[in-house]
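[1] Pasting the sequence and the predicted model now:
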Amino acid sequence: MRLTGGEIIAEYLIAEDVPYVIGIPGHGCLGLADAFIGREDRIRVIQVIQEMSGVHLADGYYRASRRPLAVFTSIGPGAINTAIGAATAYVDSTPVLIITGSVHTYMRGKGLLQELERARDDDFERLLQPVVKRSMRVDIVRQLPSVMKRAFNVMMTGRKGPVNIVLPMDVQSASADVTLPAPERSAPAGREQGDPEEVRRAAAMLAGAKRPVILAGGGVASAGAEKELLRLAELKGAAVVTTMAGKGVFPEDHPLYAWHTGSKGTSVGLRMTSTADVLLAVGCRFADETACSYRHGVAFRIPPTRLIQVDIDPYEIGKNYPVEMGISGDAKAVLGALTGELADIGATAALRNPAFIKELQTERKKWLEQVRKLRTVRTRLPTISQLLHELRSAMDRDAYLVTSSGNTQAQMLQEFPFYVPGTCITTGGFSTMGFAFPASLGVKLARPDRQVVGLAGDGDFLMTMQEMATAMQLGVPVVMVVANNQGWLAIKDLQMDAFGEKRAVAVDFETPDGRPYSPGIAQAAKAFGLYAQKVETRRGIAPALKRALSSGRPSLVEVMVHREFPYSGSPAVGWWDVPVPAYLEDRRKAYEKARRQERL
C-alpha cells in the first residue's frame, strides 16, 4: 500500500481506534493535516486556539476514557507551546502523542522559518526531551510504521506518559510502499505481577499490623485498581489516605476513608499516616507536598513505620523513604494478589483492629466538623469552601470535577468528596495552571453522558480562556465555574502565612489607584457565545449552577469569592518547606528549627 507520511499517521491512528486528533495547522504540518481530509468519518480533527490547551484537552480525554489522543503542531512556536501540557502529562503519567512539524530534512541548518539551528541543526526535540517519555525523529517515510507502533507501546506500557514524534515537512508529503502493523499484534499484553515471594511477605506484614494505612496515589487510577483497593482495605480494615493524584480512587463517604495527608492535607489524614505501624504505599512518589517536605513525624514517621511500596516504576521505590519491602509491579495486579494472600492468612474479623477503626471514625468526624465550621463563617462574599459545598450539592453523584492548581484545588482536596472512581480530574505533581478548562472539554468529549464541571480561580482561567471559542466550536455542554478572587490568592496566602501578613507582593489584581480589578469574566463568556452568569452571594450559587447544568450549552458561572486571609483559602494543616529570608529573623529561626526535623 502506497501512502504518504501524513497518510501513514492518519491510518495508524485509526487502526489504534483514536477518535480525535487535535491541532492547529501551520506551514510546518500541512502535509499531515491534509491527510485527514476524506477520513472524517473515522477520525475527527479538533481545532484549539493554543497548542498547550490541545495537550490538556487530550490529557483530560485520556483520564476519563483511558484512550489516548494525538496532538499535531507546526514548527517552532506551535511546537514549543506544547511543553507545559507535555510536562503536566509526563509528571502525572498520562499518555499523549505529540507530533511536531519540522523543517525539510534537506534544508536543516539553513535557518528556515521557525527553525532553531544556532546550537544544533533543527534542535527542537531537545526542548521536549525532559518532559516526554520518549522523543523520536523520522527522516524517512518507511520508518513511520515502526515509529508509530513503538510510540504507542512506549506511551501505553509501564509508567505511561507522552511521546513526541518530530516529523519533517518533506517526510509528511513523500510516499512509500508500506505495510501498517496491526496494533493488536504489536502491543504487549498482561500486567506486571510483582515478585510472588515479596507479595506473600507483604501480606504477612499487613496481616500483623495493628494500625494499617494504605496510601493510594495516581498509580492506582492509572492501573484501574480501584476495586482491588476497596477489597483489600475492607478485608484488613485499613485506613485509606489518598494523594492529590490519587484523589477519587476510593469512595470518600466510606468509613475507612481518611482523606489526605501532607502540606495540603487534613487532620485525620496526617494523624493516620504519622502513627501507622505499617504503611502500604501504592503508585505514589512521596513528593514534598505529600510528605510535608520530609519533616519527620508530621506526615510520616518512617521508620519506625514499616513501609511497603508498590510501584510500576522501580525508580520510585525507596527514592524518598527506606522500604521494608519494595514491589515493582502493576497496582491492580499486586493489590489483587495481596488480597488473595491476606484472605488465605485469616478471616476478616481476625485481621481487623476494632480500636483502630473506632479511632479513625473519631478523627474523621473531627475533620468533617472543622469543614462544616468553615462553611458557616459569615463573610460579605461567599468563600471557596461554601462554593464547594454548593457544587457538590448541585452535581450528580457520578459527575466529573476538573481542577487546576491554586486555592480551589487545595480546598477541593480537603473538602470535596468524590464517590465514583475516576471522577476527580486534577493536575498533580506539575501543579499546572490553565489546565482545568481545556481538560474539562476533553473529559466531556470522552463522557458526554455525564455532567462535567471545571473549577478554577480567575488567574488560572485567564490563562486558557481563549478555549471558550473551542467549546463553542465543539458544542460540548461543559460548565466552567470561576472562583474570582481578583488575584493570585493561593500565593498571597502562602506569602502571608510564611513571611507575615504584611509581606504580600505582586499578587493582587489592581488598577493604578489600588482598587481590586477584574476583567468581567462572565461578560467575556457571553461575548464568546457561552451561557454565562455572575454570582456575588452564596444564595445565588445553587440556582446559577442548576441553570448552567441544565442549559445544554457550554456554560460559565463566575462566582465572586471572599479574598481576605484566612478565609481566602484552605487551612494549612501540614507543613511545607518555604525558605524564609534571613532578614525576617524571628520567622527565620522558627523555619530553621522546623527544617532541622526534615530527614532527607
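    Looks like it came in fine. Please read all numbers here as calculations on a predicted model, not as lab measurements.
[2] From now on I want contacts and neighbour counts done on CA atoms only, so please keep to that.
    Will do.
[3] mind giving me the domain ranges of this protein?
    As given by automatic domain parsing, the domain ranges for the chain are 2-185, 196-364, 377-560.
[4] Pull up the distance across stretch 561-578, start to finish.
    Using CA to CA, to the nearest Å, the end-to-end distance of stretch 561-578 comes out at 26 Å.
[5] got the buried residues for it?
    Buried residues in stretch 561-578, counted by 16 or more other CA atoms under 10 Å: 561-563, 567-577.
[6] what about residue 285, neighbour count?
    24 (other CA atoms under 10 Å).
[7] quick one: residue 540 and residue 390, what's the gap?
    In terms of CA to CA, residue 540 sits 10 Å off from residue 390.
[8] These two - which one has more neighbours?
    Taking neighbours as other CA under 10 Å, residue 540 and residue 390 compare with residue 390 leading, 19 against 14.
[9] nearest residue to that one other than its sequence neighbours?
    Nearest residue to residue 390, sequence neighbours excluded (CA to CA, 6 or more residues apart in numbering): residue 542, at 5.9 Å.
[10] Would you check how far apart the one you found and residue 50 are?
    32 Å.
[11] Could you check the pLDDT of residue 126?
    Per-residue confidence (pLDDT) for residue 126: 87.
[12] In contact with it, which residues?
    Residue 126 makes no contacts at all, as judged by CA atoms under 8 Å, 6 or more residues apart in numbering.
[13] And residue 381, by the same measure?
    With CA under 8 Å, 6+ apart, residue 381 has these contacts: 536, 537, 538, 560, 561, 562.
[14] Kindly report the same for residue 148.
    Contacts of residue 148 by CA under 8 Å, 6+ apart are 9, 12.
[15] and the closest residue to residue 567 other than its chain neighbours, how many neighbours?
    In space, and not counting its chain neighbours, residue 567 is closest to residue 383: 6.7 Å by CA to CA, 6+ apart. Using other CA under 10 Å, residue 383 has 28 other residues around it.
[16] which stretches of the stretch 201-350 of the chain form strands?
    Per DSSP state E, counting those that start in this stretch, the stretch 201-350 of the chain carries strands over the ranges 212-216, 239-242, 257-260, 278-282, 306-311, 325-328.
[17] List the strands paired with the longest one, with their directions.
    For strand 306-311, the pairing partners within the sheet under DSSP bridges are strand 278-282 (parallel), strand 325-328 (parallel).
[18] Likewise for the first one?
    Taking DSSP bridges as the criterion, strand 212-216 forms sheet pairs with strand 239-242 (parallel), strand 278-282 (parallel).
[19] among those, which is the most enclosed?
    strand 239-242 (a mean of 28; mean count of other CA atoms under 10 Å).
[20] Any chance of JSON lines for the strands paired with strand 212-216, columns mean pLDDT and distance to residue 270?
    Output for those, formatted as JSON lines (pLDDT from 0 to 100; distance: least, CA to CA, whole Å):
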{"stretch": "strand 239-242", "mean pLDDT": "98", "distance to residue 270": "9"}
{"stretch": "strand 278-282", "mean pLDDT": "98", "distance to residue 270": "13"}
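[21] what's in contact with stretch 578-596?
    Residues contacting stretch 578-596 (CA under 8 Å, 6+ apart): 295, 498, 499, 577.
[22] my guess is residue 65 contacts residue 446, does it?
    Yes - in this structure residue 65 lies within contact range of residue 446 using CA atoms under 8 Å: 5.7 Å.
[23] neighbour count winner among the two?
    residue 446 (20 against 14).
[24] Could you measure from residue 488 over to residue 508?
    6 Å.
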